[in-house]
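K.L.:
no sequence on this one, just coordinates:
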């Protein structure tokens, strides 16, 4: 499992701290220099993981930022 979120690093790390022991990697837009829902955001993650889109599943709380953004990659 990875976590992918927009926001400020310090704030987001606090918000997801309970999930970090179960998380392979955390992607935060501030560190990445790109934001959801841009294709660059999702492509960055796919390249970093060396994983094709067909092997990934995006689960999110925003149809616009999460699902629609991921579908573009």
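P.N.:
Nice, thanks for sending it over. This structure is a prediction, so every number in the text was calculated from the model and none was measured.
K.L.:
tally of neighbours for the closest residue to residue 36 other than its chain neighbours?
P.N.:
Excluding its sequence neighbours, the residue lying closest to residue 36 (C-beta to C-beta, 6 or more residues apart in numbering) is residue 65, at 4.5 Å. Glycine gets a C-beta too; all of them are placed from N, C-alpha and C. The number of residues packed near residue 65 is 18, by other C-beta atoms under 10 Å.
K.L.:
hang on, residue 65 in a helix?
P.N.:
Yes: remark: residue 65 belongs to a helix, assigned using DSSP: H, G, I helix; E, B strand; the rest coil.
K.L.:
residues touching it, list them.
P.N.:
Counting by C-beta atoms under 8 Å, 6 or more residues apart in numbering, residue 65 touches 6, 36-37.
K.L.:
rerun at 10 Å
P.N.:
4-6, 35-38, 41 (C-beta atoms under 10 Å, 6 or more residues apart in numbering).
K.L.:
which helices and strands sit right next to the strand or helix carrying residue 14?
P.N.:
For residue 14, the enclosing helix or strand under DSSP states H and E is helix 9-15. The contact analysis (3 or more C-beta pairs under 10 Å, 6 or more residues apart in numbering; DSSP states H and E) places helix 9-15 against strand 2-5, strand 25-28, helix 29-32.
K.L.:
contacts for it, please.
P.N.:
Helix 9-15 is contacted from outside by 3, 5-8, 20, 26-31, using C-beta under 10 Å, 6+ apart.
K.L.:
next, the buried residues of that helix.
P.N.:
residue 12 (16 or more other C-beta atoms under 10 Å).
K.L.:
any idea how far it is from the chain center?
P.N.:
Centroid separation for helix 9-15 versus its chain: 14 Å, with C-alpha atoms, centre = their mean, to the nearest Å.
K.L.:
longest helix in the chain, please.
P.N.:
Longest helix in the chain by number of residues (criterion: DSSP state H): helix 39-49.
K.L.:
give the rounded mean pLDDT of it.
P.N.:
Averaging pLDDT along helix 39-49 gives 96.
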